[in-house]
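Trainee: quick one: sequence plus predicted model below, questions after.
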Amino acid sequence: MQQQTAEEQAEKEAEIKEAFEIFDKNKSKSISVQELTSVFRSLGYNFSQDEIQSMVKELRQTQKAEGAEDKELDFDDFKNLLLMQEEKAKSGEDDLRDAFEVFDRDANGYIGIEELMMVAKSLGENISEDDLKGMLQYAANTSNQKDDDKDKVPQITLQQFVEAYLK
């Protein structure tokens, strides 16, 4: 995992502070746990209230401060909560990269039909070649290909693999 420079860290903290201040409408230097749903939505996350409660509880446990009854987050809590989510997202990306490498048996940066068939077979999956081609076409987003490319079997990149997984 890449280390952030001091400048990047300062920039990240400034962005988090700006987001915090936008949602601290009454300037109380805290945001209610209830308001976090809106905060996270504005940042591109779509967490339920229960998920947010769970995240706050996890945060409190890492801080060794039981605070399930705590309904407010100060800036440091808010920052730590966002950084925890960012770390989880990076971990998920690492997991997807590792999964891609399992499929990319020849390590050429692409997953082709032969590799997909080998992995499916090794997992005991009985999937037809047409179904596997369909999966690759979906992931490669080639459903709108030209008629003369119709029989061409796509290969997918890591980026296409991740995007298909996240759809």
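Mentor: Noted; the coordinates are in hand. Numbering: from 1, shown residues only.
Trainee: gap between the residue sitting nearest the centre point of the chain and L96?
Mentor: Geometric centre of the chain, nearest residue: A89, 4.2 Å, by CA atoms, centre = their mean. A89 sits at a distance of 11 Å from L96 (criterion: CB to CB, to the nearest Å). Using the backbone N, CA and C atoms, a C-beta is placed for each residue, glycine as well.
Trainee: same check on F103?
Mentor: The spacing between F103 and L96, counted by CB to CB, is 11 Å.
Trainee: same question for A139.
Mentor: Applying CB to CB, the value for A139 to L96 is 12 Å.
Trainee: common neighbours of those two, please.
Mentor: Jointly contacting A139 and L96 under the rule CB atoms under 8 Å, 6 or more residues apart in numbering are F161.
Trainee: neighbour count: those two, which is higher?
Mentor: The neighbour comparison of A139 against L96 (other CB atoms under 10 Å) goes to A139, with 21 against 15.
Trainee: residues contacting K79?
Mentor: Going by CB under 8 Å, 6+ apart, K79 touches E13, I16, K17, F20.
Trainee: could I get the residues you listed as TSV with distance to M84 and secondary structure?
Mentor: Below are those laid out as TSV (distance: CB to CB, whole Å; DSSP: H, G, I helix; E, B strand; the rest coil):
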residue	distance to M84	secondary structure
E13	15	helix
I16	12	helix
K17	17	helix
F20	15	helix
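Trainee: run the chain-centre distance for the lengthiest helix in the chain.
Mentor: Ranked by residue count, the top helix of the chain under DSSP state H comes out as helix 75-103. Relative to the centre of its chain, helix 75-103 is centred 6 Å away, using CA atoms, centre = their mean, to the nearest Å.
Trainee: can you check stretch 85-104 too?
Mentor: With CA atoms, centre = their mean as the basis, stretch 85-104 stands 9 Å off its chain's centre.
Trainee: equivalent analysis for stretch 127-137, please.
Mentor: 25 Å.
Trainee: how about that stretch: buried residues?
Mentor: Under the neighbour-count criterion of 16 or more other CB atoms under 10 Å, stretch 127-137 has L132, K133, M135, L136, Q137 buried.
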